[in-house]
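Student: Mind folding the following:
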Amino acid sequence: MAPLSGVRVIELAHIMAGPVCGLMLGDMGADVVKVERLPGGDGSRAFLPPDVRGESAAFMMVNRGKRGLALDLRTEEGRMLVRRLVSGADVIIENFRAGTMERMGLGFEALSTLNPRLVYCQITGYGRTGPLSHQGGFDLIAQGYSGLMSVTGEAPGRAPVKVGAPVTDITAGILAAFGVASALFERERTGKGQRVDTSLFEAGITQTYWQSAIALATGASPGPLGSSHPLAAPYQAFPTIDGWINVGASNEATWIGLTEAVNAPELREDERFRTNARRMANLDELVRVLAPHFLERSTDSWLERLEDAGVPAGPVASVGEMLEHPQTRARNMVIDVEHKEIGTVRSLGTPLKMSGSGAESEQGKLPGAPTLGQHTREVLLEVGLREVEIDRLMATGVVC
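Tutor: Numbers count the residues shown, from 1 in each chain. Model prediction:
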């Protein structure tokens, strides 16, 4: 059995942060029921292109392995169905703007009164408290507020650059899943649920550990350094004959190995580069001296040479190259899932592997993302509705 087998999660969430949380919990064995709002369903269903035979690739990526139910939250009957679902659930995930669930009578206080064992996971833009708590959450805006964009890019004075991936959305989802698992563990001792509260803003802040350490220690905010490291050098990308290579000579042993690999042992005696502190102080000169060496060989040739020298190194791979890499496949990070309408679809697997109880993505073929309302009847029957009641709700458009 997977670690969270028997745990039922009601995912009343959309787009990315909340669905990533549900994805993580589902990969650990939870039964995740994705409740989509009518009309239209999750907003990421409209993220087209790309699509696979008309289905949004983005939606399918973060909603695989879930069961799908669709209902109209604007109706009292729809909200009553949510209460019915929650009454027997272990977890609810929501990532609406702060106050939205409370206005519908579905906030933490209301639902925890209905189900005291409920773990209520709330992901917002900036958290439940503070002067920004009322604002909606968007990855780009959170990256700016959290300081991430100020340290991302080539150099100070250049246009700000966001991290290419929606890192605050994804990190918030992972943090929320960790919070939910912690709350479930505590519930085993106390018998009571609780609220888990995190945000895109805080998710971005957690990505600035090194940069915040510098700012708190010195009073000065670090700026963008391209691919280089704020605390160690040389630790960055260099161009080669046929591409780019990342080199991680971040301590004295690997620095010595690098000077041997580039046939420049004299650099070890150069006063500008004798210690890590000196190399950081003279980073531009260090890069100027090293760069011509890397242009003498191909990336593959350098990878072999640096590995022999004990220097961490790797290519700057495209996403497509990463997906086809043998290491990616060996770790089951590309898996096949079965979609109701389009058959087998490739997706990303779980990054967690556990020796005692495996995640579902390592135990065979997972179901793909649900079509809109695919499991509505199935789930409503499980919570006690009769066929005739479900037929009426479908006929009136409350569910589909």
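Student: buried ones in stretch 301-313?
Tutor: 302, 303, 305, 306, 309, 311, 313 (16 or more other C-beta atoms under 10 Å). In this view, the C-beta of every residue, glycine as well, is placed from N, C-alpha and C.
Student: typed the wrong thing, it's stretch 117-126
Tutor: Neighbour-count burial for stretch 117-126 [16+ other C-beta under 10 Å]: 117, 118, 119, 120, 121, 122, 123, 124, 125, 126.
Student: Please, where are all the strands along the stretch 51-200 of the chain?
Tutor: For the stretch 51-200 of the chain, strands defined by DSSP state E, counting those that start in this stretch occupy the ranges 51-52, 55-56, 67-71, 91-94, 119-124, 195-199.
Student: Now tabulate those strands in TSV and tack on distance to residue 135 and mean pLDDT.
Tutor: Formatted as TSV, those follow (distance: least, C-beta to C-beta, whole Å; pLDDT from 0 to 100):
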stretch	distance to residue 135	mean pLDDT
strand 51-52	31	94
strand 55-56	27	96
strand 67-71	27	98
strand 91-94	16	98
strand 119-124	9	98
strand 195-199	10	98
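Student: Turn those into CSV, columns for distance to residue 84.
Tutor: As requested, these are arranged in CSV below (distance: least, C-beta to C-beta, whole Å):
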stretch, distance to residue 84
strand 51-52, 34
strand 55-56, 29
strand 67-71, 11
strand 91-94, 12
strand 119-124, 16
strand 195-199, 21
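Student: quick one: which of the ones you listed is nearest residue 10?
Tutor: Closest of those to residue 10 is strand 91-94, at 4.6 Å (criterion: C-beta to C-beta).
Student: who does that closest one pair up with?
Tutor: Applying DSSP bridges, strand 91-94 is found paired with strand 8-12 (parallel), strand 119-124 (parallel).
Student: out of the ones you listed, nearest to residue 353?
Tutor: strand 8-12 (21.2 Å).
Student: what residues does that closest one touch?
Tutor: 18-19, 21-22, 25-26, 30-35, 66, 82, 85-86, 88-94, 96, 101, 106, 180 (C-beta atoms under 8 Å, 6 or more residues apart in numbering).
Student: again, only using 6 Å
Tutor: Identification of contacts with strand 8-12 by C-beta atoms under 6 Å, 6 or more residues apart in numbering yields 22, 25, 30-35, 85-86, 89-94.
Student: what does stretch 372-379 give?
Tutor: 33, 41, 67, 68, 69, 70, 390, 399, 400.
Student: just those residues now: which is nearest residue 113?
Tutor: When these are compared against residue 113 (criterion: C-beta to C-beta), the nearest one is residue 33, at 21.2 Å.
Student: Give me the angle between the helix or strand that closest one falls within and strand 8-12.
Tutor: Using DSSP states H and E, the element containing residue 33 is strand 31-37. Relative orientation of strand 31-37 and strand 8-12, computed by axes from the mean of the first three to the mean of the last three C-alpha atoms, to 10 degrees: 20 degrees.
Student: sorry, back to before: how about JSON lines for the contacts of stretch 372-379, with distance to residue 2 added?
Tutor: Listed next are the contacts of stretch 372-379 as JSON lines, based on distance: C-beta to C-beta, whole Å:
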{"residue": "33", "distance to residue 2": "17"}
{"residue": "41", "distance to residue 2": "27"}
{"residue": "67", "distance to residue 2": "16"}
{"residue": "68", "distance to residue 2": "20"}
{"residue": "69", "distance to residue 2": "22"}
{"residue": "70", "distance to residue 2": "26"}
{"residue": "390", "distance to residue 2": "30"}
{"residue": "399", "distance to residue 2": "29"}
{"residue": "400", "distance to residue 2": "30"}
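Student: Farthest pair within those residues?
Tutor: Farthest pair in the contacts of stretch 372-379 (C-beta to C-beta) is 41 and 390. Separation: 18.4 Å.
Student: what does the helix or strand that contains residue 292 rub up against?
Tutor: Per DSSP H and E, residue 292 falls inside helix 283-294. Outside of helix 283-294, the residues within contact range by C-beta under 6 Å, 6+ apart are 233, 234, 238, 240, 262, 272, 273, 279.
Student: okay, among the contacts of strand 8-12, which ones form the most distant pair?
Tutor: 31 and 94 (17.5 Å).
Student: These two: who's more crowded?
Tutor: residue 94 (24 against 20; other C-beta atoms under 10 Å).
Student: can you pull the contacts of residue 305?
Tutor: Residue 305 touches residue 261, counting by C-beta under 6 Å, 6+ apart.
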